[in-house]
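Chemist: Got a sequence here, can you build the structure:
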Amino acid sequence: MPEWINIVIRSVVALVYLFILTKLIGKRQIRQLTYIEYIVGISIGSIAAFMATDMDGPMFHSLIAMTIFALFPVLMEWLSLKSKAIRNVVEGQATILIKDGKILEDNLKKERLTTEDLMEQLRMKNVFRVADVEFALMETSGEVSVLLKSQHRPVTPQDLDLPVAQAEEPQAVIMDGNIMDESLANLGLNRNWVRQELQKAGVALENVFLGQVDRAGQLYLDLYDDKIKVAPPQELKLTYALLKKCQADLEMFALSTKNKRTKQVYEKDAEHLQRVIDRMKPLLTQ
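Modeler: Numbering: from 1, shown residues only. You can find the predicted model right below:
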């Protein structure tokens, strides 16, 4: 057998076996690899390269070595699940870098980070003042997690005690100019509804690259021609505005009437409608 054919066979076998071993070790992103997995990855790659080019030694010797290296991190992962002490050794522990706005220089040296490195990591989290940080930790993956002090965190609807509609994944009902019947069925809609919405928007089906329906039943369109602007759906906002107008009219009627009983009816209806508007606002104003 020519030598080059032998190299091709060995290389293909090495690649296939590497793929099998990688599936065995498990799926992790590069930045999530432990020290052992990183070392094992380099070693297995070196053995595979040696196996592909070494014409003297038998192939199965390299396969045995690769198998042993691959099984070692699997064994360590299993032991880590059983023992926190082993997990701390294998995966390491998070290190506090900043506490209550103060940099812990000893921990910074322990992780071999310079002040510039720390500031770069903070800027990547959109933090530019160390004094604004409550905690900053270096995770075992090498990422820096940052918790801002409460007065410097972005305000959330929960902080303001505002109700917010639950987020749900929009459904794609049009792709590449084709209607997706399964997605429509999941939403309880049909092709006639899609055609009516496209007619309202003045858009032909074949011109739609992507069409999505949100939880409120509004259709958002992305066209092939990016120069054409499609106005966003306004039905919900118009409904909200109409409800607000009705509530204001009821209050005005209550102020203008001289009949005490009629005034009470208008005021009661206005309060009831206002409660309905408050409950529906997160959905109608999204």
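
Chemist: Secondary structure element for residue 212, which one?
Modeler: Using DSSP states H and E, residue 212 maps to strand 208-213.

Chemist: Any figure for the gap between the closest residue to residue 257 other than its chain neighbours and residue 256?
Modeler: Spatial nearest neighbour of residue 257, chain neighbours left out: residue 263 (5.3 Å); criterion: C-beta to C-beta, 6 or more residues apart in numbering. For every residue, glycine as well, the C-beta is placed using N, CA and C. Distance of residue 263 to residue 256, given as C-beta to C-beta, to the nearest Å: 9 Å.

Chemist: likewise residue 138?
Modeler: In terms of C-beta to C-beta, residue 138 sits 67 Å off from residue 256.

Chemist: If you count surrounding residues, which of those two has more?
Modeler: Between residue 138 and residue 256, counted using other C-beta atoms under 10 Å, the more crowded position is residue 138 (22 against 10).

Chemist: so the more buried one sits right up against residue 97, yeah?
Modeler: Yes. Between residue 138 and residue 97 there is a contact at 5.7 Å, judged by C-beta atoms under 8 Å.

Chemist: how about the helices in the stretch 151-286 of the chain?
Modeler: 181-187, 191-201, 235-256, 260-284 (DSSP state H, counting those that start in this stretch).

Chemist: Switch those helices over to a markdown table; also include distance to residue 208 and mean pLDDT.
Modeler: Shown next, in a markdown table, are the helices of the stretch 151-286 of the chain (distance: least, C-beta to C-beta, whole Å; pLDDT from 0 to 100):
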| stretch | distance to residue 208 | mean pLDDT |
| --- | --- | --- |
| helix 181-187 | 14 | 87 |
| helix 191-201 | 7 | 87 |
| helix 235-256 | 19 | 80 |
| helix 260-284 | 25 | 82 |
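
Chemist: quick one: which of these is nearest residue 38?
Modeler: helix 181-187 (42.3 Å; C-beta to C-beta).

Chemist: Residue 281 touches residue 239, doesn't it?
Modeler: No. Using C-beta under 8 Å, residue 281 makes no contact with residue 239, being 11.0 Å away.
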